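S.K.: return a 3D structure for these sequence lines:
(one chain, ligands or ions: 1)
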Amino acid sequence: MIVKRIKLIKRKLGIVCREVLFSIKFDLSFVRTRAWLWIFNSIPDFYCLRVVTTGFLRLAGCKVPILGCYVRRPFYLDRAQNLVIGKGTFINRGLTVDGIGKVTIGAKCKIGPFCVIATTNHEGDDLHDAVASVRIGDRVWIGARAIILPGVTIGDGMIIGAGSVVTKDLLTGKVWVGTPARCLR
Ligand SMILES: CC(C)(COP(=O)(O)OP(=O)(O)OC[C@H]1O[C@@H](n2cnc3c(N)ncnc32)[C@H](O)[C@@H]1OP(=O)(O)O)[C@@H](O)C(=O)NCCC(=O)NCCS
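M.R.: Down below sits the predicted model:
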């Protein structure tokens, strides 16, 4: 009876230890981005502070030019080192980038409020099991609440309508709208 109990306690302790170790390892993989983003998101959202705030994005690991970019708060990002933002790009409030895969946003883009850029699909038990990079060209305008799915490439100068879901590469045409995004012209 006692031996059985000891075995049960040992097993439960093992599970708790594994869970604690996994949590620490998991949090450590995001700690740099989350710590700096926490500061970034606490700074008042004024245009004149953009040099300071892009500085915090760089400290988080993001490749973003200090001058000429304006990223509004709040901004949600998991791995800043996987994010590249080009010169002259404006990112409106509420952008969510999971950033597990690489995300490249070109120069002079305009990203509308509350868009989502995803790089992960969950096809198995692992949290980040199917990762694919997203590439957004130069001078792309993405309307409010659009969603860009993993693995997508958007060519230079494209316009994505508000609320659209981009499921495949957009390399021809100019204006794409709807779910899934279809070419308007
Ligand atoms: C994509 C967009 C630029 C197209 O504008 P437009 O060329 O004037 O298009 P129209 O209004 O003439 O619409 C043409 C057709 O596309 C459809 N359409 C336009 N925008 C759409 C959208 N976001 N999603 C789905 N369908 C859309 C219209 O219903 C219309 O369909 P119909 O021909 O069957 O009636 C504009 O609709 C848009 O989504 N702008 C984004 C605005 C925004 O998010 N601003 C935030 C600040 S960055």
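S.K.: and the nearest residue to Thr89 once chain neighbours are set aside, how far is that from Met158?
M.R.: Leaving aside its chain neighbours, Thr89 sits nearest to Cys109 (4.5 Å; criterion: Cβ to Cβ, 6 or more residues apart in numbering). No exception for glycine: its C-beta is placed from N, CA and C like everyone else's. Cys109 sits 10 Å away from Met158, going by Cβ to Cβ, to the nearest Å.
S.K.: so what's Val97 up against?
M.R.: Tyr76, Leu77, Asp78, Leu83, Val103, Val116, Ile117, Thr119 (Cβ atoms under 8 Å, 6 or more residues apart in numbering).
S.K.: returning to what we had before: which residues are in contact with both of Cys109 and Met158?
M.R.: With Cβ under 8 Å, 6+ apart, Cys109 and Met158 have common neighbours Val140, Trp141.
S.K.: among the contacts of Val97, which one lies nearest to the ligand?
M.R.: The closest of the contacts of Val97 to the ligand turns out to be Val116 (Cβ to the nearest ligand atom; 13.6 Å).
S.K.: how close does that closest one get to Val134?
M.R.: 11 Å.
S.K.: check Val31 too.
M.R.: Look at Val31 and Val134: by Cβ to Cβ, they are 24 Å apart.
S.K.: Lys4 now?
M.R.: 53 Å.
S.K.: cool, and Leu171?
M.R.: From Leu171 across to Val134, the span is 14 Å (Cβ to Cβ).
S.K.: over to Ala181?
M.R.: 14 Å.
S.K.: again, but for Cys17
M.R.: 37 Å.
S.K.: the two: who's more crowded?
M.R.: Regarding Cys17 and Val134, a neighbour count based on other Cβ atoms under 10 Å identifies Val134 as having more, with 25 against 10.
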